[in-house]
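>>> Let's see this in three dimensions:
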Amino acid sequence: MGSIYRTRNPKGGWYKVWRYRYFDENGKRINKTGTRNKAETMRLMIDAEERVRRIKLGLDTSRVVCVWNYINQYLTWGRSQGGKKNEGWSKEHAQKRETKIYWWRDRLGKKLTVEQFMGIRSAVDSEIRQLQEGGRTRRTVQTYGEAIKAFATYLLSRGIIKENPVAGLKLGRGKTKRQRRALTKGEIGRLYEVSEWKYQLLWRVALETGLRKGEIKALKVDWWDSGQQCLHIPFGVTKNGDPVEMPVSGVLAEWLDDAVETQYAYDLYQKDGYEVDTDVLVWVPVNPERRLYTHLAKADIPKETPAGIVDFHALRVTFVTRLIEEGVDIKTVQELARHRTIAQTMEIYAKTDISRKRKALSAILD
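Purely as a prediction, here's the structure:
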């Protein structure tokens, strides 16, 4: 008879994560880690006992159970304790992991059984090779590979499979990550000129706060302080998870006031067919990068030059670079960019253009 339980920590309190035990087909007691949710852990224990029962009856569950039936179980576990220090995944990471797991389901076969899953290595190698040859960056290839490896590791930890079929998967190759460049002041002005209000607000928020697209999409009306002209972003929203107080310029503040008053973002999401909370602050389209490319073309701004490319994340690069060019001290730039170290700010984001180099040299020679 299986059971669920929790253990005490060194301070005498209870660990938040539930555990469960059951007896396998040989009568050996098996202890497994569940989740922070008691009911979910109970379901894991019941599933384990059901697998043992079928094995004892001579029914090989791996021949009939679709391996993708465990996706929701895996994602639930990840959102509750799949991250570092048994913390749940961030919302953005959970969405990306879910997207890639379903991508693998479509590539490997929607009716793939647990038994067939054990023979996926060659198919996975083939898909990874196609990603590499298709021009995907090294990091993108890694995220796809990590998704299937992590899913297999989860199945192994739950006793659903006996060994990891993608252990040792090589993910190093891929297209070298492209260099991003910062937009010039003139290019920013032209981008604003060709953009209608809903897009111009999106560009302004990205260029004047340095927020990433996922962070912009998460912004709520209640986080906007019109009196102080500041965004108060709570813990767990930005990439590093820290709370943020982001002051904004007077022009952008007026635009955000209008956004709150008109509830334009909620109306646009409804028009696009998406169910969102009524307190969403800024509308972000399904593929903001594609929309940006369209507007760059309208503004006669090259998407790619020898200095690098302009994609949506390049707007954040522009934010940091413009701060440095305006003479803001590097410590303040680091805080506004929400970087862990000054080195990251300088080495990755600060793009010095040729005119600034020429100006610096002139100052020395004169």
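
>>> Helices of the stretch 151-300 of the chain, residue ranges please.
Applying DSSP state H, counting those that start in this stretch to the stretch 151-300 of the chain gives helices spanning 185-193, 197-209, 213-217, 250-262, 264-271, 288-298.

>>> Can you spell out which helices and strands pack onto the first one?
This points to helix 185-193. Here helix 185-193 touches helix 197-209, going by 3 or more CB pairs under 8 Å, 6 or more residues apart in numbering; DSSP states H and E. Every C-beta, even on glycine, is put in place using the N, C-alpha and C of the backbone.

>>> What mean pLDDT does the helix it packs on get?
Helix 197-209 carries an average pLDDT of 96.

>>> Can you get me a residue count around residue 124?
With neighbours defined by other CB atoms under 10 Å, the count for residue 124 comes to 20.

>>> Could you do residue 193 as well?
So residue 193, with other CB under 10 Å, has 11 neighbours.

>>> What's the local residue count around the residue lying closest to it once chain neighbours are set aside?
Excluding the flanking residues, the one nearest residue 193 by CB to CB, 6 or more residues apart in numbering is residue 299, at 6.9 Å. When neighbours are defined as other CB under 10 Å, residue 299 has 18 of them.

>>> counting contacts, what elements does the helix or strand harbouring residue 139 pack onto?
Element membership for residue 139, per DSSP states H and E: helix 138-157. The elements that helix 138-157 packs onto, with contact taken as 3+ CB pairs under 8 Å, 6+ apart, are helix 71-81, helix 91-108, helix 114-117, helix 121-133.

>>> Same question for the first one: list its buried residues.
What that stands for is helix 71-81. Across helix 71-81, burial judged by 16 or more other CB atoms under 10 Å covers 71, 73-81.

>>> and these as TSV, adding pLDDT and distance to residue 117?
As requested, the buried residues of helix 71-81 are exported to TSV (pLDDT from 0 to 100; distance: CB to CB, whole Å):
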residue	pLDDT	distance to residue 117
71	93	12
73	90	15
74	93	13
75	93	17
76	91	20
77	91	18
78	90	18
79	89	23
80	87	24
81	86	24
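
>>> any chance of these in CSV, with distance to residue 36 too?
Formatted as CSV, the buried residues of helix 71-81 follow (distance: CB to CB, whole Å):
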residue, distance to residue 36
71, 19
73, 14
74, 15
75, 14
76, 10
77, 9
78, 12
79, 10
80, 5
81, 6
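
>>> The residues you listed: which two are farthest apart?
Farthest apart among those by CB to CB are 71 and 81. That separation is 16.9 Å.

>>> Show me the shaky parts of the stretch 151-300 of the chain.
Scanning the stretch 151-300 of the chain with the threshold set as pLDDT under 70 gives 172-177.

>>> Number of residues surrounding the spatially closest residue to residue 272 that is not a sequence neighbour?
Nearest non-adjacent residue to residue 272, counting by CB to CB, 6+ apart: residue 286, 7.3 Å away. By the criterion of other CB under 10 Å, residue 286 has 8 neighbours.

>>> Also residue 313?
Neighbour count for residue 313, taken as other CB under 10 Å: 15.

>>> quick one: the strand or helix carrying it to chain centroid distance?
Residue 313 is part of helix 312-325, with elements assigned from DSSP H and E. Taking CA atoms, centre = their mean, to the nearest Å, one finds helix 312-325 lying 20 Å from the centre of the chain it belongs to.

>>> try stretch 259-270
Using CA atoms, centre = their mean, the mean C-alpha position of stretch 259-270 is found 24 Å from that of the whole chain.

>>> and what of stretch 14-29?
How far stretch 14-29 lies from its chain's middle: 33 Å, per CA atoms, centre = their mean.

>>> Just the residues contacting that stretch, thanks.
Residues outside stretch 14-29 that contact it (CB atoms under 8 Å, 6 or more residues apart in numbering): 2-9, 30-38, 41-42, 44-45, 48-49, 52, 55-56, 81, 86, 159.

>>> what's the spacing between residue 13 and residue 7?
Between residue 13 and residue 7 the distance is 10 Å, computed by CB to CB, to the nearest Å.

>>> Nearest spatial neighbour of residue 154, chain-adjacent residues omitted?
Nearest-residue entry for residue 154: residue 74, 5.0 Å, with adjacent residues in sequence omitted and distances by CB to CB, 6+ apart.

>>> isn't the one you found right up against residue 102?
No: taking contacts as CB atoms under 8 Å, residue 74 lies outside contact range of residue 102: 11.6 Å.

>>> Looking at the helices and strands packed on helix 138-157, which is nearest to residue 263?
With CB to CB, the closest approach to residue 263 among the helices and strands packed on helix 138-157 belongs to helix 91-108: 22.2 Å.

>>> isn't residue 121 right up against residue 166?
Yes: judged on CB under 8 Å, residue 121 makes contact with residue 166 at a distance of 6.1 Å.

>>> of those two, who's got more company?
The residue with more neighbours, out of residue 121 and residue 166, is residue 166; 18 against 14, by other CB under 10 Å.

>>> Tell me the spacing between that one and residue 119.
Distance of residue 166 to residue 119, computed by CB to CB: 11 Å.

>>> do the same with residue 329
Separation of residue 329 from residue 119 (CB to CB) stands at 58 Å.

>>> Residue 90 now?
33 Å.

>>> between the two, who's got more neighbours?
Of the pair residue 90 and residue 119, residue 90 is the one with more neighbours under other CB under 10 Å, namely 18 against 10.

>>> That concludes my questions; thank you for your assistance.
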